[in-house]
Structures are given as structure tokens and as C-alpha cells.
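Colleague: next comes the sequence, and after it the predicted model I'd like to discuss.
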Amino acid sequence: MAAEDTAQNLGAQNPTGVAERYALALLSLADEKRQQDPAALDRIAADLERVLDLWRNDPGFRSFVADPRLAAADQRKAAFAVLERAGVGTDVRNAVGVLINNRRLRNLPEVAQAFGAKLAERRGVQVAHVTTAFPLSATQRAALTARLTEAGYSGVQLSETVDRSILGGIVVRIGSRLYDNSIKSKLQRLQYAMKGAA
């Protein structure tokens, strides 16, 4: 499966459900570990962010995560090697192992995003769910965060999804607000306007 197809499929999946259950389990584990290690939660969150950055910036890793054809043992060996090289700790590597055992490695980016969103909620940070046709660059992320701050949202954290079906532009959902500036929506509005004029 191509990286583009992978990104599109991720956008089409329900981001709650499976990913949220794994994220909550990992959050619960982090809370338990904090009793002996106060930095455990922040360390796990940083490791998941590192995994998410790897997924966003490495098309080969995106393809690997989405490819269900590999045997679990091969997936585990390859994934652990990549994560160890990236400096990802044991707790997150173990969570990836559970995803592999359950044949849900394709849900890894969603789990990382759901964990980040749950942690942000807990810390009183506002989460902006952003959908784009292509992954955002670091510059685009910074600009979007700045624009949301200007619009009155403080402490914003982005939760990103790539969905090729929107064609281009951006869709942002924050709280009860939805800002849809996607090419797909613009084309639909144009189509409705043309039907009304006929």
C-alpha cells in the first residue's frame, strides 16, 4: 500500500474507538509509573510525539506501519529497531508491541494523537483537530497555532489527520467550532450554487 493510500485511510478511520482505548490504557500505565517515577508521563508523551514525528516525516515508516502483510515477528523486529534508533523508550516500544500482537500497528499514529489529546484535556490545553490533504510542515504548524491564538484560543495543541479526499486546504475543529476551508467543501458549495442557478 502506498504512503498516500495509508494517509487517506487514516483520515477515513474513526479517531476515537480503537485508538482511544489504547491511548487510555497507555495513559493509565503512565499514571501508575508516576508513583515511582514522576517524569514517566512526560517521558511517554515525548516518546509518542517522537513516533508521530517519525510517521509524519518518513514515508517509508508510514508505509511500514500501514502494511499488514508482514508477520508479527518481522514487524516487531523492524519496528523496535527503528524506535530504538529514534530514542523511543521501553514503555512506548512495549505499547507498539501490543499493537503488533493485536494486528493494529496501522493505528499507531491515531493512538499517539489520542494520547496527546487526552493528556492535553487533562492539562487544560485546547486541542485543535486539523485535517489536511498533505502532512503539515513545522512552519505551517507554527503559523496555524499562531492564527488560532490570535482568534482567542489559548494553549492550543494540534491533533493532525491527513485525508486526501479533501483535495487541499484545511479543516479545523476546535471545541464546538468547525472551520472548513477545504477544496472539497468549496467545490461542493460551488456545485450547490450552480444547481440553484439552474
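Modeller: Arrived safely. Numbering: from 1, shown residues only.

Colleague: for this protein, just list every one of the helices.
Modeller: For the chain, the helices defined by DSSP state H occupy 3-12, 17-34, 40-57, 59-66, 72-85, 90-101, 108-122, 138-150, 183-197.

Colleague: how about stretch 181-193: buried residues?
Modeller: 182, 184 (16 or more other CB atoms under 10 Å). From N, CA and C alone the C-beta is placed, and that goes for glycine too.

Colleague: correction: the previous question concerned stretch 135-146.
Modeller: Buried residues in stretch 135-146 (16+ other CB under 10 Å): 135-136, 144-145.

Colleague: which pair of the residues you listed spans the longest distance?
Modeller: 135 and 145 (15.6 Å; CB to CB).

Colleague: low-confidence ranges in the chain?
Modeller: The model of the chain has pLDDT under 70 over residues 1-16, 197-198.

Colleague: among the helices of the chain, which is nearest residue 171?
Modeller: helix 183-197 (7.7 Å).

Colleague: nearest to residue 193 among the buried residues of stretch 135-146?
Modeller: Nearest to residue 193 among the buried residues of stretch 135-146, with distances taken as CB to CB, is residue 144, at 28.2 Å.

Colleague: quick one: contacts for that closest one?
Modeller: 128, 130, 136, 158, 170, 172 (CB atoms under 8 Å, 6 or more residues apart in numbering).

Colleague: just put those residues in JSON lines and tack on distance to residue 24.
Modeller: Output for these, formatted as JSON lines (distance: CB to CB, whole Å):
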{"residue": "128", "distance to residue 24": "21"}
{"residue": "130", "distance to residue 24": "22"}
{"residue": "136", "distance to residue 24": "26"}
{"residue": "158", "distance to residue 24": "20"}
{"residue": "170", "distance to residue 24": "28"}
{"residue": "172", "distance to residue 24": "25"}
